[in-house]
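Asker: Make a model of this:
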Amino acid sequence: MNINELQAGPELDDLVAERACGFVIDRFTFEYDGMFNKCWVWVDNEGKKHNPKPYSTDIAAAWEVVEKMRELGWWIGIETVRGGDEWSVQMGSRRELISGPLPLCVCRAALLAVGGGE
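Answerer: Prediction:
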């Protein structure tokens with residue numbers, strides 16, 4: 001999987017939650033009013049359930065990824081390049097020029113740092 005080609009959305013958010021933030025994805029199906037619905041929640045290491053967050057599209061949610069990576073001991077550098085149209089995001093020793101909105105760039109950089117594309 002080429003991390004720099006991943007698009008923003010729930011699938012990327014789940015990858016970041018699981019591989020960078022340490023959540024377990026709990027998927028389940030339930031019946032309501034005769035309809036079967038597929039759902040999922042994120043479960044942290046203490047067993048608390050969390051609703052999925054839009055890490056790849058919302059800057060406040062993406063900043064939680066930055067804070068989590070910092071808590072885990074990752075060095076983080078974020079800067080604009082080319083007049084602010086692109087971002088350079090560095091986590092640890094990996095420095096990647098990542099194009100796109102900052103939340104998406106943060107998610108891609110976090111996955112690259114933890115080897116989350118394998």
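Asker: contacts and neighbour counts: CA atoms only from here.
Answerer: Will do.
Asker: Just to check, F28 is in contact with F36?
Answerer: No: under the criterion of CA atoms under 8 Å, F28 is not in contact with F36, lying 10.2 Å apart.
Asker: tell me the contacts of L12?
Answerer: The contact partners of L12, taken as CA atoms under 8 Å, 6 or more residues apart in numbering, are L6, S56, C107.
Asker: Just the buried residues out of these, in ChimeraX syntax.
Answerer: Buried residues among the contacts of L12 (16 or more other CA atoms under 10 Å), as a ChimeraX selection:
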select :56,107
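Asker: Touching, M91 and G77? I think so.
Answerer: Yes: counting by CA under 8 Å, M91 does reach G77; the two are 6.6 Å apart.
Asker: who has more neighbours, these two?
Answerer: Applying other CA atoms under 10 Å to M91 and G77 shows that M91 carries more neighbours, namely 23 against 12.
Asker: Identify the residue spatially nearest to the more buried one, adjacent ones excluded.
Answerer: Nearest residue to M91, sequence neighbours excluded (CA to CA, 6 or more residues apart in numbering): I76, at 4.5 Å.
Asker: That neighbour: how many residues sit nearby?
Answerer: The burial count for I76: 19, using other CA under 10 Å.
Asker: What about it? Give its phi and psi, please.
Answerer: phi -130, psi 130 (degrees, to the nearest 10).
Asker: Surely it is in contact with E67?
Answerer: No: counting by CA under 8 Å, I76 stays clear of E67, with 9.5 Å between them.
Asker: before we move on, back to that, so which of the contacts of L12 comes closest to E46?
Answerer: Comparing the contacts of L12 against E46 with CA to CA places C107 closest, at 23.3 Å.
Asker: pretty sure the closest one is in a strand, no?
Answerer: No: counting by DSSP: H, G, I helix; E, B strand; the rest coil, C107 falls outside a strand, being helix.
Asker: Check the spacing between L72 and S88 real quick.
Answerer: 20 Å (CA to CA, to the nearest Å).
Asker: Looking at those two, which is more packed in?
Answerer: For L72 versus S88, neighbours defined as other CA under 10 Å are more numerous around S88 (20 against 11).
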